[in-house]
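*Asks:* Provide a 3D model corresponding to the input given below.
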Amino acid sequence: MVCRVVLAFKKTRQTDFTHPERVFCMKWLQKIASKFEEYFCALLLSVMLFFLTTQVVSRFVFNNSNSWSEEASRYLFVWLVFIGASYAFQKNAHIRIDALMGLFPKAAQKYIKKAGTVVLILFTAFITYHGWRYTWNFYKMGQVSLGLQIKMSYVYLAIPVGFFLMTVRNIAALFWVDKEGKEECPTDY
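*Replies:* Alright, predicted model coming up:
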């Protein structure tokens, strides 16, 4: 697959996006990018379910409780929340208050939506930057968790990663224009 991607870029001009090999590569990359959060969240949820089931069975059946499964599930849940928030942006599933949008004419609504998306991009980029600084400080301190003895910076890394993915999704939604010229971003791009 990688060879096909490299050959497609070597055979065609860099601005030729209509070449069949390049179109195939772009669709393949878009498919991977659009499904990443979904599969990653499903994996995290499955591992959490396994850990918690193991915890319950060991506690009530064998009268022996392990200390690591509850803590691991908690940290996986933190990752699930932030990656799931990015997935919700992709599916356009976040709650919005759009009662005031009906007061504006249709032409103005498009610009108000774009302005709201720009504010959202600035907010998510701000949180990404400060989340990275926060995570880096934890990494430098070397703080570890009590049960698992893993660096806490790995847990806090969920904040900048999740907000970075949200920033990317919002930038894509801001510049999305489909083949018919509609500027409304679809739920699965």
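
*Asks:* Show me what secondary structure element comes after the longest helix that the chain contains.
*Replies:* Criterion DSSP state H: the longest helix present in the chain is helix 20-60. Using DSSP states H and E, the helix or strand that directly follows helix 20-60 along the chain is helix 68-90.

*Asks:* in the helix or strand following that next one, what's buried?
*Replies:* Next helix or strand after helix 68-90 toward the C-terminus (DSSP H and E): helix 106-141. Buried residues in helix 106-141, counted by 16 or more other Cβ atoms under 10 Å: 113, 117, 120-121, 124-125, 127-128, 131-132, 134-135, 138. All C-beta spots, glycine's among them, are computed from the backbone N, C-alpha and C.

*Asks:* Export these as JSON lines, with columns for distance to residue 32.
*Replies:* JSON lines is the format used below for those (distance: Cβ to Cβ, whole Å):
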{"residue": "113", "distance to residue 32": "28"}
{"residue": "117", "distance to residue 32": "24"}
{"residue": "120", "distance to residue 32": "24"}
{"residue": "121", "distance to residue 32": "23"}
{"residue": "124", "distance to residue 32": "22"}
{"residue": "125", "distance to residue 32": "23"}
{"residue": "127", "distance to residue 32": "25"}
{"residue": "128", "distance to residue 32": "21"}
{"residue": "131", "distance to residue 32": "24"}
{"residue": "132", "distance to residue 32": "24"}
{"residue": "134", "distance to residue 32": "29"}
{"residue": "135", "distance to residue 32": "25"}
{"residue": "138", "distance to residue 32": "30"}
